[in-house]
Every structure is written in C-alpha cells, then in structure tokens.
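>>> After the sequence you'll find the predicted model.
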Amino acid sequence: MEPQPFRELLLCAEEKRVGTRTVFVGNHPISVAEDYIAQRFCDNRIVSSKYTFWNFIPKNLFEQFRRIANFYFLIIFLVQVTVDTPTSPVTSGLPLFFVITVTAIKQGYEDWLRHRADKEVNKRHVYIIENAKRVRKESEKIKVGDVVEVQADETFPCDLILLSSCTSDGTCYVTTASLDGESNCKTHFAVRDTIALGTAESIDRLRAAIECEQPQPDLYKFVGRISIYSNSPEAVARSLGPENLLLKGATLKNTKKIYGVAVYTGMETKMALNYQGKSQKRSAVEKSINLFLIVYLSILLTKAAVCTILKYVWQNTPYNDEPWYNQKTQKERDTFKVDYVFTDKTGTLTENSMEFIECCIDGHTYKGVIQETDGFSQTDGPLTYFDKADKSREELFLRALCLCHTVEIKTNDAVDGATESAELTYVASSPDEIALVKGAKKYGFTFLGIHNGYMRVENQRKEIEDYELLHTLNFDSDRRRMSVIVRTQAGDILLFCKGADSTVFPRVQNHEIEATKAHVEQNAMDGYRTLCVAFKEIAPDDYERIDRQLMEAKMALQDREEKLGKVFDDIETNMNLIGATAVEDKLQDQAAETIEALHAAGLKVWVLTGDKMETAKSTCYACRLFQTSTELLELTTKTIEESERKEDRLHELLIEYRKKLVHEFPKSTRSLKKTWTEQQEYGLIIDGSTLSLILNSSHDSSSNNYKSIFVQICMKCTAVLCCRMAPLQKAQIVRMVKNLKGSPITLSIGDGANDVSMILESHVGIGIKGKEGRQASRNSDYSVPKFKHLKKLLLAHGHLYYVRIAHLVQYFFYKNLCFILPQFLYQFLCGFSQQPLYDAAYLTMYNICFTSLPILAYSLLEQHIDIDTLTSDPRLYMKISGNSMLQWGPFLYWTFLAAFEGMVFFFGTYFLFQTSSLEENAKVYGNWTFGTIVFTVLVFTVTLKLALDTRFWTWINHFVIWGSLAFYVFFSFFWGGIIWPFLKQQRMYFVFAQMLSSVSIWLAIILLVFISLFPEILLIVLKNVRRRSARRNLSCKKASDSLSTRPSVRPLLLRTFSDESNIL
Amino acid sequence: MVQSPGPAVRSLSRRGLQLPSFRVRLAPALQALGRRKGRWYLSSPSHSEQPGAAAHLREEELRPAPEGTRAPLASATARGAHQPDNTAFTQQRLPAWQPLLSASITLPLFFCAGLAFIGLGLGLYYSSNGIKELGYDYTGNPGSGNCSLCGVADQDRAPPPSCPCAWYFSLSELFPGPVYLYYELTNFYQNNRRYGVSRDDAQLSGLPSALRHPANECAPYQRSPAGLPIAPCGAIANSLFNDTFSLWHQRLPGGPYVEVPLDRTGIAWWTDYHVKFHNPPLVNGSLALAFQGTARPPNWPRPVYLLSPDPNNTGFVNQDFVVWMRTAALPWFRKLYARIRQGNYSAGLPRGAYRLNITYNYPVRAFGGHKRIILSSISWMGGKNPFLGIAYLVVGSLCILTGFVMLVVYIRYQDQSDEADDQE
C-alpha cells in the first residue's frame, strides 16, 4: 500500500475520532420509540493487498511509470514511435517492456500471496449469536454490533467488548503477542451486569447499547459506556475501558469461550489501524542514482541541444534532420548501509524464555548442576547442596515458590509449544514465574494446578498438599512485588510474597537481610533477574480484617487501583525473608557481541520495546547496549509525573539534558566517534507516553521545540531505549530518525506483529522468525533466524551488498557513458544527422546481453574482502558509512574514466580510419565497420574492466565474463553471416568477419583496449601496494591489540526491579 | 536407511512431547538426513532405548545449523517461510580465485608488454613509411591546373556535361607495386543518416518485386516523375561517383603514351559482389529487358545496365557501384578505383612520365567538396597510416616508463616496509 492512502486513512480516522459511535448489542434496537438510525460501519474484511484483478494492470503500470527511469524510457519510446528516428522503437521498447513485465509479474505474485493471506483471515469461520442461535459465518461477514463467540486459542476476529465468559467472574485471559509482543496472559473483564449471560439464549436477550469513541490506533486506550436496558426502564450505564476491550489479533487463552460484541471491524480495528501499509522503499543508493541520473540527463540534454543547434547551423549548407538519439541507463534496488539500528527487545534481543539458575535460602546457595545422565541433557539430575539450610526453611521456601505466583496449568495439547515440559505446561503472565515454578519443581516441589480454589502441590516425598487460595495480591510495576494468601490444610493462613529486593527488604526483619543481600547483589552482578521471597503468618482475626478490606477495595468503582494498592501495602509488612532466587532472562545467543560489534561499526542502536522499563533496562545492560559507565537520561512517566504540569517538567528535563550533553560534547559532531570510546557515554530512556507528549503534545510552536531538543539529545546519546511503545509509535520514532538531517539510513529488526509497522517504516526491515509468528518476517525485506545474524548480515553482507550495489550503479553509468560518448562524437562527423554509430542489434543487445551478465554475477558474488574478515572487524563497516562509494568523488572518477575510454574508442578508430583501406588488398571499409570496431573495443573494455574489478573469481564469474565476450563474437559472426529476410537493410552483412580479416584492425582493437584499461591497471597496482602495507600494519596491530581489545568481564546488570542507579 | 517415522514416536511428537536427549544425540547424525516429500526424516541411529525408531522432527529443528559463517540470509520475498537452499551459491561460499595484481606480477607484464608494443610499433611504422602515395587534387578550383575549366563549367546542368582533363606527373624511380588507384572525396557526408538509409537492399539483391517497388526509404529517389520505379533507387545510388580515369605511361621522353591497364574488378568486398548484390533475373538473356520499366536515377547519364560493357560488371554488380554503396565512415573518404597489376605494371609503375586522363563528371564544388586521385602502394597493414605505428610506439614506451616508475616505487616501498618491520 502506498503511504498516501494510509495517511488518508489516518486522517479520516482523526476526523472520525471526534464523534462517537453507538453500537447496539446484537443489533437489537433498544426501544421502538427511539428512532433507530442504522449507522454504517465498514465490514470486517481485512485488505492488505494492493491490487484487485481488475485494477492490476492500470494501477501497476501507473506505479511503475512513476519511477523516473521507467517514465523516461516510456517517453523515449513514444517519441520514437511517433517521429522518424535513427533507431527503431524496438531498441528502447523491448528492454522497457521486459523490465515492466518482469516487475509486474513479481508484484502480481506478491500481491497474490497477500490476497491469499487476506482470504485466509477473512474466510475463517466464526460463530455469531443470531436469534439465540449459534450461527457459523465467515469472519468477513461480522458486522458491528454482532455478538461473537470465541473459543479458547482462537484469535479475535474483530475488536470486541467482552460481555461474558465461561468463568463465573466474567474474566478471560488474552495474549497480545501479535500486537505488542507481550506473550504473557492479560486478564480482561466483563461488565458486572452481563457476567451471567453465559449462554446463547441469555445473551440474545440482552438489550444494550454501547457508546464508544471512533476507532483510533492506540492499543491501550479505549473509552466507552455501555447502557444496559434490563427489566427496569432506566438504563444502567457502566463505563468501559481498555480492560473490557478484546483486540483483533489477540488470542484467547485459558478460557473456554467468551461472548463479545463487535465494536470495531475490519480496517477500523486497532490492529488494522496499526498496520502500516507497505510503501516503496527508497534507499540512499537510489537517491544517489537519481541524482546521478539527473546529472546524466542534463549532460544528455546538453548533448542533444548542442547537436540540435549544430545541426541547424550545419543544415544551412546541406541536409536536414530530427532530435538526437540517446541511450538507456538503468536503476537499481535496495541495499543497506545503515546508520541507525532499531531493534525490538522481546524475542529479538532475548530468547523470551527465562531459566531458573539458583536460589539462596537463608544465605545458603542452592544451585542446580547440569548433569548429563544417559544422554539426558536436562537439569533434572540430583542437585548439589553447597551448604544446607534448615530443612523446614528449605521446604517453606520451595512451597513459597510453588504457591506465590499466578501460573496456571494448561493440560490440553500445547499448540504454541512455548514451554517445554513433559507433563505440565505452565502458562503465566510473566516468564519469570514459570521459571520459578519450574525451579521449585527441580527441587522436588511440583505445582499441580488450581482445583476449585485449592492450589495443589506435590512435595519432595511425593505427597499432595492442598492450599486454599484466598487472595492474590497482583503484581504491578509500582509495587514490584506480588503476594498470595493461602490457607494450609492445617488451617494456618500464610502470606507469601516475592518481589524486587528494593521493595521486599524494607518490609522484612532487618536481621535477616544481610545474608541474603550479598547473594542478591552477586546474582545481579552476574546478570540475573533476582527476586526475594518472604512470608508471614496471618492470624485468623487479622485475616478477616484483611479480607474485608480487600473485598471493599476490589469492589470500589473509583480509584480501584489506588485503594487496592494501599491495602496491599498494609498487608505486606513485617514479613520474614526466606531467600532469593536468580533467574536468567536468556539473551539470544551472542546478542551482546552483536550489539558491541554494531557499536564498533559506528551504528547507533536503539531498542524499541513494548515492555516495561525495568525489564527493558536490565536487558539493555545485559546485552551491553548500556555499559556500566553509561550515564542514563530518563524521560519517563515516572520522572515527569512528579510535578503537576507535565509539560513544564518535560521541558525542564529536556533543557537540562541538552545542556549536559552539549556541554559534554564540544560542538563538532565529527569528533563524536572518537569521544565515544574515552568520554562519558550517555544512554537515553524514554517511554511511550512521554514520547507522545513530546511528539504531539501542544499544537503551538513549543512542541516543535520539544521535538528538536529531543532529537538533539537522541543524536548525542550512544544508545537509546524506548519502552512501552505502541507499534505505531515505533514507526513514529523510526520516521523521526529517518527525517533527521542528512537523512540517515535506518534498519529495524523485530520478530512480532507489533514490529511490523516499524519494519515497514524503516529503510531496511529485518524480520526474525521467532515465536510470535511470521508476520514480521513476512513483511520484512530480509529475514533472519536469530538476532546474532544481524552482525553478519550488516557487517559482512551489508557491507558487501553496499559495495556491490555501489559498484553496480557506477558501472552502469560508466558503461553507458562510454557507450554513448563515441556516438555523440560521431555526430560531429556525420553532420549531426543522428546517424547511429552502432547497428540497431548492438544498441539493443549491449545492455541486455553483452554486458549485463558479468555485472550481475559481480553484484551477486563479489567479496572484495572475506566475509570472515568483515565479520571480525566491525571497523571496516565505517568505510562505507556516509554512502562513501556513491559520493561525488567516485562518481567523478567513474565519469572521467568513462569519458576517457569513450574518447579512446572513438578517436583511436577515427585515426585508424584516416585511410579506410586497412587490408593488404586495399579494399575499403565503411561506416558500419567503423562502428563495429568501436563497439568491439567497447564491449571488451567494459567487460575486462569489470574483470579487473573482480576480486572474487568463482566459476560463475569466469563463465559469464569470458562467456559474454565469446557470445559477443559469436553473435556478431552470426548476425553478419546471414542475409536476414526481415531486415530492410543488410548493414551488418559480413562486416564483422571482414573486419577481422584485417590485421590492422586486430592490432588497433588490442591497442585501444589496452590504452583504455591502462589507467585502471595502474591504479589497481598502486592500490595493492598500499593495501599490502596497510594489511601488514594491521596484522601487526592486531597481534598487539588482541589481548586488550575485549574485556570479557560480564557487565553489571541492574537488579531487575531495583532502583535506578545512574539517573541524573 | 530413510524410513517413515515409527508410529509410536510420531504419536509422541504429536502430543507435544519432546525428546530432548534424542535430539542431542541425533545432532552429529545430521549427515544421515534424507529429504523426502518436502519433509525431513532421520534415519534411525543406533539407539538401544529407541528401538527401530526414527523421529519425525519439525522442519525448523533440522535446518542446517545457522552457525558462524553459514548464516542463511533469507531473501526479501514476501514468503516468510521461505528459506534459501543451503547451496554454496546462496550461502556465498563458492570456491573462488582471488587474484591480486601485485607488483611482482605486473612489473614484468609492463616490461614485456612495453617491449612487444615497441616492436610492433616499429614494424608498423616502417611498413607505413614504406608505402608510397601520390595524389592530385583535381577539384578544379580556379587556377589549379587544367581541371579548373571543368570545375567552373560544371555547375548549371544536371547531369553536368562531361569534361575531360588530365594530370601529368612523372616518376623518377619505380613506384613499387602493386599500385592502387583511389579517388578521394572530402566534405561529402556519406555517413549522413538520411542519405545512408536511402537505399533498398532488397532491390539491389535482384529481387524482381523489389525492383518494381522500391522501398519508401529511397524517397525522393523512389520513383521518377513519370512514376517509374528508379533502379537503383535512393540517394546513395543517385550520387554515384562517375568520374572516370585512365592512366597513360610515356616510357621514353617524347615517346607515345601507352595505356596502363587498370583492373576494375576485385575492388569491392567479395561478399558484397557475390552475395549481397545481384542483378535481377535476365529476361530473354538480356539485362536491359530485365530493367525494362524502371527509370535510371536522375543524376545518372545512362541506365544501370550500361554501367560497363562487361556483363559481369554491369547492373547492380558493377564493382564501382558496389564500392560506392558501402557508405564511408567519415566525411572525407577514399574509395578504391582500380588496381594496377597487369602486364609490365605488376611490379609497380616504372619510372617515366605519366598522364592521368580524367573525365570530369562529378560536381563537388557546389557543396565545397574536393576530389583527389591517389596512387598508392600497400603493405600488410593496408594503406599509408602512421597512426597505428606511432600509437604502438607511444604506448610501448609509456609501459616501460611506468614499469620503471613502478619499480622505483616498489623498491622504495619494500625498503620502508622492511624498516617498519624491523622497528616493530
């Protein structure tokens, strides 16, 4: 999709958002008296395809001819068709037709794939409640207002308001992995009044109207109101928030089925609004090409003008004619030569799986030792106890691990296969919890699930223990802890709490802390996520009070969160610390090395994630995006919301940070790269809400001001972490960077559907085939299996591709310039009559056959430096930064080379033709021989020039280079060997063979090819001398550096939930 | 070896059970993988605890391990599931020759090439210098000899009247043979595009239908005012050079002039004369009848079938005509007129006085052109042209010069790097 319609879509969404929409549940009018105005909403069809069967040809042609080159050739072709021209229209028409057709076929096929994917989504069967019956329908038939039934593990076909679920409390669990990348289960609630409507009949009787805002792309915002007209005539109104809204694309988990009413459908769903249409990406190379093209076009126009003027001047004496002939240049595709890398966190930097590493009970470390027994590589062998704690404490700790969580057991067939357990599949809102439960299992305590409100645990002696789950004090990011209150079989009421050390330590007895603290700190140093576990016995009387308080808070309609938080705070005091755990958030293999290499290559890495700030930050430390020495600048809700007026505070912060950075870095940005290594490094952390505040807060000039300050800060920071990002915000960030001064090239890498818009927005999109489906890799330009491959992709392949494409571009211009220059010069000798120097067949075949394959093979295979060398030395990537090979310098070099060679070809032949009898029998040669000599020298020179440039000769290169030359000779013989019945003029008949019967011409061809290549050979030899000395120096340096380059110390990882150490 | 997965294992894997140990064990056995029907199967390794089992694993697990240097880089197609085959080509691991043009290779190359070029250049230069050329401009500009009368008189009528004139010259020594007679025209744009296309090769190949229906490109020399097709049609044919020459030799001073025999055949390309150009089929054995119903080109004094009395050299296969029809590359050009190789003159033109009789027909002064008649000998490399020899000499010396410069650079660099090595 082009950006245009997308922007329009957004715009119209913007306008629509002003109003609200009223949705009648089940499309039942509320009352007869009220006039029921059927609002028109779009249907539930998802259209990601670009073309339909009917508009494919015109639309595709239109899009293709929007490219300058295509349009140019179309014009040339049309001119050639209409006026009397020296070359037949076929000469330019055939290649154009070929290019257009191939492109159209490719795009058609891709669109067909999209159609198929759309169809799959649109034709999926869903169940709709109509007239108290379950009706099976195709997904695209869903209308706004329909009541939809969704079963477990199905994705929601459109945005739904949850009405009821199979559970009694009207909750359901949802994962939004494909939307924001968070794979945990989120709980969504139904409005209290509709909870009971658990059957098709009862839900059909519901008379209600929902008023809600018009669709908007923010995933976390929803405001609405449901008015329920039950028995009483007065409607009961309840407010609806994001917790009532089930988003299309999310998946229902752990809930058998739910009923929901469709509020947004089709392209108005939040997912569709977050889907960014595919736009035609243009790379810096293409920009350079366009620039060069313009230069050449102007040269061409000048030539044409010169020729035309001279023609008319010349015509004052003899003959007459028309415009001058010109030749094609070609255009090439994308590459990468990247300045900014945007990466997703979950599933990209991390594996998205946690592993229990060790725990500490009362200061005694317990560590699972990985043993291989009979080929079983799992860690369920015996455990090593370094030092035993008291047995009862140990069991208490393990019980705490087994009980204090929100993990659920999934017994049915595991489709997503995320957790790998032989018998039990755990599902939880956070992978940490699964890791902990599994950790407990390793030590003999197995959590068996919740049955009728009882948590069942199998202990070390294989006995089943049941605990009644009384309350769960949910985790939230402010408290950074969670608790459960359970009643044991014996009737004791226990509270288990786990949380970040910073929040747990103040709530436990002081004397217990010391022993554990050391361990926690050690673990944090090792880069693990640590949690402290504490417990408390609650007296029955206390419990009753607590119970009452909790119930009250839960029922509260206003400020529920706050009230709950307060109650929780009261409960979780005076606990006893039992121990701590360490969990490894496994980074992807070599993620840190990759990031380091990217840094070393001069790239700026930004992490954009939908995750919480704390988690994201610790990951950034672990993967060495932030070093321990990095000073962090934070722009988050936390730092800003302290004051009443957010914007003022934001402004203050921005100014402060800028001052700091500007002060730190002297004005010249060039020294930036050097200073990185020595001076203080800065990292920026920003979250979604602050970003939106910066980017689109006030409408006056101040927002612009914010933005520019923000951009300045961003550019000065070595690493930037953006958390809590909605997909569209990721794209916004990318767009912001893309539009920076000097328009840097951006690369996005991600694995989830939430990264798609960012992948599409950036110049280069890379998808990782991860756990979160294939949307990302489907929409990407490149897809890789692991993050670590980015290193090779960028440093080796990216570098090589850039060099190849740059060479390709230059070579194309070069070979066409030296092709056309003799033609131009010849005009001075033929009275500017546009006499073609080369035969039409040569004109057509030059770019298609004679010189195309060698450069194709070159651009596929060339490795001017080994892949290994490139991968191991990131600094080499710096060489190509700043689009260095497509700057004016190399461009001028190639142009001069081409001009030189063109002159050599032409004037060499010209002087040779001072006598046109070049054979010992004195027969004379004509103009076609002249052209053929030039052309032969030309083909050989440009091909051999490429051969000189080729550093990496595979058999393919040999085959194509020598093959092209052989083909040229063969073709020329063939073309000149037959009187072609379809040709009006047998210009070339025997010209080539006759030409080769002259010794002089042989000698001239050899000489001219040699002269043309002479400067190039000279340059290569000189370069090699330089390179060899450079290499020698390098190898010496390497040997001396190798010890000191990489300090292999693991960086210090901030404790998962702990305080920010380096905030300004 | 390759077999379907055992049912037991298959059902296990379907239930989502993982066999971690199995996978670990199988890793080295990846070579034993066979691919059948788009799925990977393992041939069963020697597992005592997995009797006769072959595991059916998900495809992802069995892709060639993307390790180290062999990271698969999927193409940018819309198919995310698409993964390139693990071939040397797609993985960029083709074996390759990586030549480095080092100084030690290129220096000898430079010297060798330089020497070879100088040798060739000398040869070319001397053979070019050995060629004798004698020319005379008979355009007839006022006061330039006895052709000036013709030059002045010619312009008004078309076709202009023929006007005889002559060029007298004497040779003090033998003009070594074989000697070739060329005429040269300057400022004549045979390479003008519209002039160049104004011909009909089908007609010239003797096709009767084309003879009657000349191609449109020939216009305005396609049909005569009477509507008859012109044969040969077109501007090139119409502008056929029609001055004629004859060479007379006075062996003894004051003696009679003897005509030097001019061989007017074998001056055109063999293929042109034998393949490309043909007369239309004779009618009743007569070429004239074959051309009946056609008109001669307006500038021609006589029809095409009367170009020469020799039946093999008249009509479209007249060698003068064929030579003319091969358009020249440059606006000044010479074309072969005749060869002198018969009788006493096969060794060259002996010393003595000569008279070249010219029948001046062809008007050139109207477009500022010049006409020259040239006698030239020839060498293995063609006509007299010092360019090639000089160019070879220059390039050869340049090569050697560069070779020396490079040598100096190379030696100095060698010293420096040695020093640098020592320092380190």
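Looks like it came in fine.
>>> Could I get the full set of helices for chain B?
Taking DSSP state H to define them, one finds helices in chain B at B:7-14, B:20-26, B:59-62, B:103-129, B:148-153, B:193-196, B:201-204, B:208-212, B:235-238, B:270-271, B:287-290, B:319-325, B:386-423.
>>> Name the nearest residue to B:A116, ignoring sequence neighbours.
Excluding its sequence neighbours, the residue lying closest to B:A116 (CB to CB, 6 or more residues apart in numbering or on different chains) is B:G396, at 7.3 Å. C-beta here means a position set from N, CA and C on the backbone, and glycine is covered the same way.
>>> ok now do the one you found, which residues does it touch?
Neighbour list for B:G396: B:113-121 [criterion: CB atoms under 8 Å, 6 or more residues apart in numbering or on different chains].
>>> any idea how far it lies from B:N385?
18 Å (CB to CB, to the nearest Å).
>>> Likewise for A:K303?
To B:N385, A:K303 is 30 Å away according to CB to CB.
>>> before we move on, what about B:P298?
Relative to B:N385, B:P298 is positioned 37 Å away (CB to CB).
>>> in stretch B:373-383, what's buried?
B:373-379, B:381-383 (16 or more other CB atoms under 10 Å in any protein chain shown).
>>> hmm, back to that, can I get the helices of chain B in TSV with mean pLDDT?
Shown next, in TSV, are the helices of chain B (pLDDT from 0 to 100):
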stretch	mean pLDDT
helix B:7-14	37
helix B:20-26	34
helix B:59-62	32
helix B:103-129	90
helix B:148-153	74
helix B:193-196	88
helix B:201-204	91
helix B:208-212	89
helix B:235-238	92
helix B:270-271	91
helix B:287-290	90
helix B:319-325	93
helix B:386-423	82
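>>> nearest to A:M725, of those?
helix B:59-62 (28.5 Å; CB to CB).
>>> Where does A:Q489 sit: helix, strand or coil?
Of the three states, A:Q489 takes coil according to DSSP: H, G, I helix; E, B strand; the rest coil.
>>> does it really touch A:Y467, like I thought?
Yes. Counting by CB atoms under 8 Å, A:Y467 is a contact partner of A:Q489 at 7.4 Å.
>>> which one of the two has more residues nearby?
In this view A:Q489 and A:Y467 are compared by other CB atoms under 10 Å in any protein chain shown, and A:Y467 has more residues nearby, 23 against 11.
>>> give me phi/psi at the closest residue to that one other than its chain neighbours?
Leaving aside its chain neighbours, A:Y467 sits nearest to A:V486 (4.1 Å; criterion: CB to CB, 6+ apart). Backbone geometry at A:V486, expressed as degrees, to the nearest 10, gives phi -130, psi 160.
>>> One more: the one 4 residues further on?
With angles defined as degrees, to the nearest 10, A:A490 sits at phi -80, psi -10.
>>> Show the contacting residues for it.
Taking CB under 8 Å, 6+ apart as the definition, A:A490 has no contacts.
>>> so how far is chain B from it?
From A:A490 over to chain B the distance is 37 Å, taken as CB to the nearest CB, to the nearest Å.
>>> of A:K303 and B:N385, who's got more company?
B:N385 (23 against 17).
>>> tell me the secondary structure for the residue lying farthest from the centre of chain A?
Within chain A, A:N921 marks the point farthest from the mean C-alpha position, 70.6 Å out by CA atoms, centre = their mean. Here A:N921 is coil, with the state taken from three-state DSSP.
>>> Pull up the per-residue confidence for it.
In this model, A:N921 is scored at 84, pLDDT.
>>> Contacts only, for it.
So A:N921 contacts B:266, B:378 (CB under 8 Å, 6+ apart).
>>> and the gap between it and B:Q190?
Taking CB to CB, one finds A:N921 at 21 Å from B:Q190.
>>> buried residues in the helix or strand containing A:V583?
Secondary structure from DSSP states H and E places A:V583 in strand A:576-587. The neighbour-count check on strand A:576-587 (16+ other CB under 10 Å) flags A:577-587 as buried.
>>> Just give the nearest non-adjacent residue to the most centrally placed residue in chain B, would you?
Of all residues in chain B, the one closest to the mean position by CA atoms, centre = their mean is B:A329, 12.1 Å from it. Using CB to CB, 6+ apart and skipping the chain neighbours, the partner closest in space to B:A329 is A:F930 (3.6 Å).
>>> quick one: what helix or strand has the residue nearest to A:T488 when sequence neighbours are not counted in it?
Nearest non-adjacent residue to A:T488, counting by CB to CB, 6+ apart: A:Y467, 5.9 Å away. Applying DSSP H and E as the criterion places A:Y467 in strand A:464-476.
>>> For that strand, C-alpha coordinates in PDB please.
Only the C-alpha atoms of strand A:464-476 are listed here, as PDB (Å, rounded to 0.1, in the frame of the first residue of the first chain):
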ATOM      1  CA  ILE A 464       0.000 -34.000  47.600                       C
ATOM      2  CA  GLU A 465      -0.600 -30.800  49.600                       C
ATOM      3  CA  ASP A 466      -3.600 -28.600  49.100                       C
ATOM      4  CA  TYR A 467      -3.700 -25.000  49.900                       C
ATOM      5  CA  GLU A 468      -6.800 -22.900  49.700                       C
ATOM      6  CA  LEU A 469      -6.000 -19.800  47.700                       C
ATOM      7  CA  LEU A 470      -7.600 -16.900  49.500                       C
ATOM      8  CA  HIS A 471      -6.200 -13.900  47.800                       C
ATOM      9  CA  THR A 472      -3.800 -12.900  45.100                       C
ATOM     10  CA  LEU A 473      -2.200  -9.600  45.500                       C
ATOM     11  CA  ASN A 474      -1.300  -8.900  42.000                       C
ATOM     12  CA  PHE A 475       2.000  -7.700  40.700                       C
ATOM     13  CA  ASP A 476       2.200  -4.300  39.400                       C
END
